[in-house]
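*Asks:* using only what follows, build the 3D model:
(one chain, ligands or ions: 1)
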Amino acid sequence: MTPHAFNIYSNNNQRSLAIRAVLIDKLQYRALQVNQDPRPDADLNICIGGDGSFLRAVHSSGFSQVPFVGINTGHLGFYQEILVSEIDSFIDQFIHGEYINTELGLLSGRIAHGDSSQELFALNEFVVRTQNSTIAHMEVYVDDYHLENFAGDGLIVSTPSGSTAYNFSVGGSVLYQTMKGFQMVPIAPINSRAYRSLLNPLVMPNTTKLRLVPTPREGDNILVIADGINLDFKEIEYIEFTFGKKHINRIVFNPMWYWINIKDKFL
Ligand code: NAP
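*Replies:* Sure, this is the predicted structure:
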């Protein structure tokens, strides 16, 4: 059956809003439906902007299972494959099913605080650091095994698709977007006689349960950030990360897109 209904997300810059208007015209010209507000029974979520806009669309959709695609209004973007000049061919290819569906795994972060716990999800990463510029102290457990006693600015726990974001800036490994695993990378770890922790990124399989336990005096001082959004929790007892319980779908037209971005952005 021909796909017919589209959700459109865009950032509020003038160029993105202008492209949004052009896109709506082109879809409606082909008798395709553009939903006024995003609907869960749509055929495609189209995000206009940069990678940050893609992240915001994924969050505001509640990690929708409707496939996502990005139209880029800035420089190249890891999530944003379609160039503005390619909008017509993108619509035609989508209608004719000429694309690959990929699954991007999400990180789950279960935050235990006070007497309760809450599970949140991230597409790029969770950052765990102190609220101010003091040193963060955390015990790190892998599958309940005590691995290290961390001291430093903080820890980033990143998905493969988030490996090219904050993770990359602090020396994390670049992982292919659809890999089934995740990594932890330290931000300015202290290594001295008193403290010893891994300086390298630690890449783990998707079966791993990673738990960060702030030292008791720090439960109130710890800040958790999911995809750039500060989460407001007090008395954090621990944060437990797992990968791949949920995913989003992203359609891809050029299988080399990831490598083109790596070269364009980093080399
Ligand atoms: P922002 O500060 O406005 O932009 C962050 C930058 O990260 C933008 O250039 C964005 O690309 C890029 N980016 C986002 N996801 C990416 C990915 N998967 N691969 C490569 N680059 C990516 O913040 P924002 O737009 O709200 O985005 C939140 C993200 O910022 C966080 O998830 C975190 O990864 C990143 N961040 C990075 C650093 C750092 O590198 N030192 C520090 C804090 C946060 P576009 O320009 O295409 O939007």
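
*Asks:* what is the burial count for Phe243?
*Replies:* 26 (other Cβ atoms under 10 Å). For every residue, glycine as well, the C-beta is placed using N, CA and C.

*Asks:* how about the nearest residue to it, chain neighbours excluded?
*Replies:* Excluding its sequence neighbours, the residue lying closest to Phe243 (Cβ to Cβ, 6 or more residues apart in numbering) is Phe182, at 4.2 Å.

*Asks:* quick one, grab the pLDDT at Ser60.
*Replies:* On pLDDT, Ser60 comes in at 96.

*Asks:* what's the answer for Gly219, then?
*Replies:* In this prediction Gly219 is given a pLDDT of 67.

*Asks:* oh, and call the first residue 20 from now on, that's how I've got it
*Replies:* Understood, numbering begins at 20; the last thing we discussed is Gly238.

*Asks:* so where does the residue nearest to Phe262 fall, helix or strand?
*Replies:* strand 200-208 (DSSP states H and E).

*Asks:* does the ligand have contacts with that strand?
*Replies:* No. Using Cβ under 6 Å from any ligand atom, we find that strand 200-208 stays clear of the ligand, coming within 9.2 Å at best.

*Asks:* quick one: that strand to chain centroid distance?
*Replies:* Its chain's C-alpha centre and that of strand 200-208 lie 15 Å apart, by Cα atoms, centre = their mean, to the nearest Å.

*Asks:* ok, now stretch 121-136?
*Replies:* Centre to centre, stretch against its chain (Cα atoms, centre = their mean), the figure for stretch 121-136 is 13 Å.

*Asks:* show me what counts as buried in that stretch.
*Replies:* 121, 123-128, 130-132 (16 or more other Cβ atoms under 10 Å).

*Asks:* close to the ligand: what parts of the stretch 20-169 of the chain are there?
*Replies:* 69-71, 74, 93, 96-97, 143-144.

*Asks:* can you select the buried ones among these for me in ChimeraX?
*Replies:* A single ChimeraX command is used to select the members of those judged buried by 16+ other Cβ under 10 Å:
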select :69,70,71,74,96,97,143,144
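
*Asks:* quick one: strands adjacent to the helix or strand just after the strand holding Phe201?
*Replies:* Sequence-wise, the next helix or strand downstream of strand 200-208 (DSSP H and E) is strand 221-224. Note on strand 221-224: by DSSP bridges, its sheet partners are strand 200-208 (antiparallel).

*Asks:* thanks a lot, catch you later.
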